[in-house]
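Trainee: 3D model of this:
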Amino acid sequence: MFIDGRELPDNHIVEADICIIGAGAVGISMALEFNNTNTSVALIESGGLEFDAKTQSLYQGGHIGDPTYPLETNRLRYFGGTTNHWAGHCRPFDEFDFSVRDWVPYSGWPVTAEEMQPYFARSQPVMQLGEYDYDSVENYARELGLKPLPLQGERLINVLKHQSPPTRFGKQYKDEIEKSNNITVYLHSNTLELKSNESADHVTQAVVACIDGPEYRVKARYFVLAAGGLENPRLMLLSNSTAPEGLGNDNNLVGRFYTDHLLIRPAMDVSLSHFKYDFRLYTRIHNINGGKIFAIMTASAGLTKKEKMTRFRFHLYPHAPRYDAAVGGVFSKLDNSPHVTPLSMERGTSIQVHMAMEPIPNPDALVRLSDDLDIFGQRKLEVKWLVSEQELANAHRAIQIGALEFGQMGLGRASAPILEKPDQWPAEFTSGKHHCGTTRMASNPKQGVIDKNAKVFGIDNLFVTGSSIFPTIGHTNPTLNLIAFSLKLSDHLKQKLA
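Mentor: Next up, the predicted model:
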């Protein structure tokens, strides 16, 4: 069922068992877990069913750290959320992502890959993906009549990604929610604050307002923040009527550890020695086993440990070379040829390599409230994205390894600006628009904001889900993983409501 919040009377009270704030991938996935049950769900969505510029302006904010994209361009504020423009690439975190890595500060999760496997598998159909199998690169390649790259396996390995259509959650699940007898979506409804009891350990209601419309309240047994990696911490910080520093912020961790993938697109060009080599396993999307897949290259666990790096991945694209010379510092190790002209400048004679790298968690990278106000008089966000010298060194080494790998396979010679100038980020460097880490999951409140069940430390009925809960983010895209954690939270709340 859908209700336009603008049509509710002022000071109206909505009552539900669960109040979910945010109707993007996570909020919709969670709500549907309770569909046609006795659990009443109020799903609060800032926007309507279509894009609206005035509502979108509520995402505006500032930057006080390294430059990145304007905050209002990264996300979409209407039913379906940012899935209205996401790319659809999917791969689950693995055991290594969840582990403590002594060379990566603040790494390690309070849950394991084994615990999460059932939820990863359950997430596949939610995003219209095929059979849950991310390991069978050789088998899939054989079935498709293609060959994976002959990587040695000591440094780089071939892995699979699944490709969602991509699922536009607002369109895909609108009819199912509209027919539901226990899920109600409140559109054009902006959550301004969570109110709590005097001890700030129990949320009593959400204050909701419409642009040029009424203000009303939502009362529920359980509240779930599912508004994304930036709005989740913002709402907690704005909820300061009882807790001056914001709900769940006793240890000043809400908004800290802001992370995003480090992208260089393109990172390097490989001028091919063999123009006829078939890269289609990597450069095209293939239909197989009821879904779509393609291959990427990533660092092995052994390499990551040996080099003490964070994780990274390479995507391949056919292209004509952009550079007129290779970089001798890499290739002299292979063939003593410091300056090599590309073999051809025709499209298809070069492979363009894009890189995405995991950032290092940093408590000084954060999002916080600024003094600028939005149209509700609420304080906007300002983002402090920080990139360290170690991350630059990691990126340089990753691209160097990739270049060496192509050379050792005999496929061609690489060129990349970062290899020529290792002390500066190339012009192609940017962020991944994956806002993570700002309400991180941890084993205790001194290290994070929520526990392994996604409950905010010190508050008995407030939960947070989405990319803001990730302590580390690996090299892969977040959407499959954040949906898996929302399904895990749904199961937890089912048990509590039973």
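
Trainee: only C-alpha atoms for contact and neighbour calcs from this point on.
Mentor: Fine.

Trainee: can you report how many residues lie near residue 194?
Mentor: The number of residues packed around residue 194, counting by other C-alpha atoms under 10 Å, is 25.

Trainee: so what's it bridging to?
Mentor: On the basis of DSSP bridges, residue 194 is bridged to residue 206.

Trainee: can you check residue 293 too?
Mentor: With DSSP bridges as the criterion, residue 293 is bridged to residue 162, residue 286.

Trainee: settle this for me: it is touching residue 162, isn't it.
Mentor: Yes: between residue 293 and residue 162 there is a contact at 4.4 Å, judged by C-alpha atoms under 8 Å.

Trainee: now the helix or strand hosting residue 368, how far from the centre of its chain.
Mentor: When elements are assigned from DSSP states H and E, residue 368 belongs to strand 366-373. In this view, strand 366-373 has its centroid 22 Å away from the chain centroid, taken as C-alpha atoms, centre = their mean, to the nearest Å.

Trainee: mean confidence for that strand?
Mentor: This predicted structure assigns strand 366-373 an average pLDDT of 97.

Trainee: who are the packing partners of it?
Mentor: On a contact count with 3 or more C-alpha pairs under 8 Å, 6 or more residues apart in numbering; DSSP states H and E, strand 366-373 meets helix 231-238, strand 379-384.

Trainee: can you list those in TSV and add mean neighbour count?
Mentor: As requested, those are arranged in TSV below (neighbours: other C-alpha atoms under 10 Å):
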stretch	mean neighbour count
helix 231-238	24
strand 379-384	22
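
Trainee: could I get those as JSON lines with distance to residue 83 and mean pLDDT?
Mentor: Conversion of the helices and strands packed on strand 366-373 to JSON lines gives the following (distance: least, C-alpha to C-alpha, whole Å; pLDDT from 0 to 100):
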{"stretch": "helix 231-238", "distance to residue 83": "16", "mean pLDDT": "98"}
{"stretch": "strand 379-384", "distance to residue 83": "22", "mean pLDDT": "97"}
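
Trainee: kindly reformat those as CSV containing distance to residue 476.
Mentor: Formatted as CSV, the entries for the helices and strands packed on strand 366-373 read as follows, by distance: least, C-alpha to C-alpha, whole Å:
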stretch, distance to residue 476
helix 231-238, 21
strand 379-384, 22
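
Trainee: go through these and name the closest to residue 38.
Mentor: When the helices and strands packed on strand 366-373 are ranked by proximity to residue 38, the top entry is helix 231-238, at 27.4 Å, counting by C-alpha to C-alpha.

Trainee: which secondary structure elements does the closest one contact?
Mentor: strand 190-196, strand 366-373.

Trainee: single out the most deeply packed of those.
Mentor: For these, average neighbour numbers computed from mean count of other C-alpha atoms under 10 Å are highest in strand 190-196, which has a mean of 22.

Trainee: CA atoms only for that one, dumped as PDB, please.
Mentor: What follows is the C-alpha trace of strand 190-196 in PDB, where atoms were taken according to Å, rounded to 0.1, in the frame of the first residue of the first chain:
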ATOM      1  CA  ASN A 190      11.200  13.100   5.300                       C
ATOM      2  CA  THR A 191      12.400  11.800   8.700                       C
ATOM      3  CA  LEU A 192      13.700  14.800  10.600                       C
ATOM      4  CA  GLU A 193      14.600  13.200  13.900                       C
ATOM      5  CA  LEU A 194      14.300  10.100  16.100                       C
ATOM      6  CA  LYS A 195      12.900  10.800  19.600                       C
ATOM      7  CA  SER A 196      13.900   8.700  22.500                       C
END
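
Trainee: how far does it sit from its chain's centre?
Mentor: Averaged C-alpha coordinates place strand 190-196 at 25 Å from its chain's average position (C-alpha atoms, centre = their mean).

Trainee: average pLDDT across it?
Mentor: When pLDDT is averaged over strand 190-196, the result is 98.
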